[in-house]
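Q: Let me see the structure of the following:
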Amino acid sequence: MLVKTFGAAVQGIDATPVTIEVNSSRGIRFFLVGLPDSAVRESHERIVSALQVNGYPFPACQLVVNMAPADIRKEGSAYDLPLAAGILAATGGIRSDRLPHLMLTGELGLDGSLQPVRGALPIALAARRQGLEGLILPRRNACEAAVVEGIDIYGADNIGQVIRFLNGEEDLPVTHTDIREIFARGQETAGPDFADVKGQESVKRALEVAAAGGHNILMIGPPGSGKSMMARRLPGILPPLTLEESLETTKIHSVAGTLGKDTPLITVRPFRSPHHTISQVAMTGGGASPQPGEVSLATGGVLFLDELPEFSRSVLEVLRQPLEDRHITVSRARYTVDYPAGFMLVASMNPCPCGYHNHPTRPCVCTPGQVQRYLSRISGPLLDRIDMQVEITPLPFEKMSDARPSEPSAVIRERVVRARRLQEERFAAYPGIHCNARMTSRLLARYARPDETGLRLLQTAMERLSLSARAYDRILKVARTIADLEGSPSILPAHLAEAIGYRSLDRADWAG
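A: Below is the predicted model:
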């Protein structure tokens, strides 16, 4: 008897439906074809044990299982449940009339329990695209998958419940998730607040500009000047996630397996802060079984690289392409996957090996050559892709002892949201462009053209600082954002002057 069941293969952050065909005939052999990996081949032993423990003997006949399309490699243990259901249906162990309308996914324990799988959200989306009526999966993944509307999500604890449900002997409750309620409740989550930051008004202004335009920013300053503390407060002034952004971010974390059991939907912007010992694969994604890297997990939020020069040169250089293209393509011999990489880069660094170059009170013990070698760990092309470079000075005692609270994040966020709203209206006719940082050269010429006075100021800065063409574009983008924060329809010389001031490392005298 030939029976078909449906599973799904996760590729990148999307899932492709997989048709599992099971044919039973006389004999005693078991064949599994369709490009399965070793984890899928091992499913035979898990299925045999799970069925026996739950009182369903494994069929004593020849079974041929094909997983189509055969040109997609099937990886992982999530095929255990659809394989078991197909085998039982092909041998008359369960009714097969419901299987054409359902997708199944889940890993089986030896006792028949269903273990959670990665990628439940994209699998549910694939089932809906396929026109199926429902998805059966482990109960711990049910809330995550129920974010998808228009399809019934059934969560089960063990294979016995699934078999009885398919036989019509027991009902599995349909899991419901009110994504709008979860989304609205998550927006109220409070994080670190800028009200706790004493002084550093110029740096907070720079972070406000960066948040308003989606600009990448590098903070340079001595140890203990507050670089990491302020970076961790940046997501609190970014505009709230839209529902569409929330779903895309949740898909990425679902595939990576980083969603919490009680977190069906990511509602706050991610903040990823990998250690400087991170490998190139962990940063970009990939591996033997491809997984999203840090640049993808930070999509929609902030990727914070503390102590930037301490990162491996190869790790830093792979950031150049995703910073420009907002996505990354990982190509290996066995696969090619595309991951989103729409993150905002925030980095911090000391100005020299000892950390006290340009310090107002503490002397630097580094030679000029040591300072230059330290700074040269960050390549010029990467620095060009960082719109803003801000120098931080230590906080004086008067500021540290001031008990008055600073401006809270909520007030700063209101200004950022207003500026972003202007940008969204400006770029409404340009798909994929929502903020000034993503402007193309054509849009720069249209929306960020300074007047004659501003052009002369910019020409002087370009000549004195020996800026590249990419740095020229960055200055115009930042100036456009400063003008948006002030509600100005045009870029004024004062806006350009402030934007030029955010290129600290371009100053010839900075490194002494």
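
Q: Isn't Pro405 up against Ala195?
A: Yes: counting by Cβ atoms under 8 Å, Pro405 touches Ala195, with 4.7 Å between them. (Each C-beta comes from the backbone N, C-alpha and C, glycine too.)

Q: what bits of this structure have low per-residue confidence?
A: Low-confidence regions of the chain, defined by pLDDT under 70, span residues 186-190, 397-403, 506-512.

Q: got the domain boundaries for it?
A: 2-166, 186-506 (automatic domain parsing).

Q: chain center to the longest one, what's the gap?
A: A distance of 15 Å separates the centroid of the chain from that of domain 186-506, by Cα atoms, centre = their mean, to the nearest Å.

Q: What are the boundaries of the helices in the stretch 301-450 of the chain?
A: Listed in chain order, the helices of the stretch 301-450 of the chain (DSSP state H, counting those that start in this stretch) span 313-317, 320-325, 368-375, 380-384, 397-400, 409-426, 441-447.

Q: Out of the ones you listed, which is closest to Leu243?
A: Evaluated over the helices of the stretch 301-450 of the chain, closeness to Leu243 peaks at helix 409-426, with 15.0 Å, by Cβ to Cβ.

Q: ok, residues contacting that closest one?
A: Taking contacts as Cβ atoms under 8 Å, 6 or more residues apart in numbering, the residues outside helix 409-426 that touch it are 191-195, 204, 208, 211-213, 233, 236-240, 434-436, 447, 481, 484-485, 487.

Q: Compare Pro405 and Ala195 and say which is more crowded by neighbours.
A: Under the criterion of other Cβ atoms under 10 Å, the comparison of Pro405 against Ala195 puts Ala195 first, with 17 against 12.

Q: Which residues in the helix or strand hosting Val203 does the neighbour count mark as buried?
A: Counting by DSSP states H and E, the element that carries Val203 is helix 201-213. Within helix 201-213, the residues scored as buried using 16 or more other Cβ atoms under 10 Å are 203-213.

Q: ditto for stretch 440-451
A: Buried residues in stretch 440-451, counted by 16+ other Cβ under 10 Å: 443-444, 447-448, 450.

Q: Would you reformat these as CSV and include distance to Arg73?
A: Supplementary listing: the buried residues of stretch 440-451 in CSV, determined by distance: Cβ to Cβ, whole Å:
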residue, distance to Arg73
Leu443, 41
Leu444, 43
Tyr447, 46
Ala448, 46
Pro450, 53
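
Q: Out of these, which is nearest to Leu81?
A: Distance to Leu81 across the buried residues of stretch 440-451 (Cβ to Cβ) is lowest for Leu443, with 49.2 Å.

Q: How much space separates that closest one from Gly300?
A: Plainly put, Leu443 is 22 Å away from Gly300 if you go by Cβ to Cβ, to the nearest Å.

Q: end to end, how far does stretch 335-353 reach?
A: Its start and end residues considered, stretch 335-353 measures 41 Å (Cα to Cα, to the nearest Å).

Q: ditto for stretch 128-146
A: Between the opening and closing residues of stretch 128-146 there is a gap of 11 Å (Cα to Cα).

Q: Enumerate the positions of it that are buried.
A: Of the residues in stretch 128-146, 128, 132, 134-146 count as buried by neighbour count, 16+ other Cβ under 10 Å.

Q: Strands - which of those residues land there?
A: Using DSSP state E, the members of those that fall within strands are 134-138.

Q: JSON lines for the residues you listed, including distance to Phe30?
A: Formatted as JSON lines, the entries for those read as follows, by distance: Cβ to Cβ, whole Å:
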{"residue": "Gly134", "distance to Phe30": "28"}
{"residue": "Leu135", "distance to Phe30": "27"}
{"residue": "Ile136", "distance to Phe30": "23"}
{"residue": "Leu137", "distance to Phe30": "25"}
{"residue": "Pro138", "distance to Phe30": "25"}
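
Q: between the residues you listed, which is nearest Gly224?
A: Among those, and counting by Cβ to Cβ, the member closest to Gly224 is Pro138, at 46.9 Å.

Q: and that closest one, how far is that from Gly214?
A: Distance, Pro138 to Gly214, using Cβ to Cβ: 37 Å.

Q: ok, Glu310 - how many residues close by?
A: For Glu310, using other Cβ under 10 Å, the count is 13.

Q: How about the secondary structure of the closest residue to it other than its chain neighbours?
A: Leaving out its chain neighbours, the residue that sits closest to Glu310 by Cβ to Cβ, 6 or more residues apart in numbering is His276, at 4.1 Å. Remark: His276 carries the secondary structure label coil [criterion: DSSP: H, G, I helix; E, B strand; the rest coil].

Q: mind listing what His276 touches?
A: Taking Cβ under 8 Å, 6+ apart as the criterion, His276 is in contact with 305-307, 310-312.

Q: Can you select the buried ones among those residues for me in PyMOL?
A: Selecting just the buried residues from these in PyMOL takes one command, with 16+ other Cβ under 10 Å as the test:
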select buried, resi 305+306+311
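
Q: Among the contacts of His276, list the two that are farthest apart in space.
A: With distance counted by Cβ to Cβ, no two of those lie farther apart than Asp306 and Ser312, which are 14.5 Å apart.

Q: can you count the residues close to Leu241?
A: Going by other Cβ under 10 Å, the residues that sit close to Leu241 add up to 23.

Q: do the one 5 residues further on as well
A: Burial of Ser246, expressed as a neighbour count using other Cβ under 10 Å, amounts to 23.
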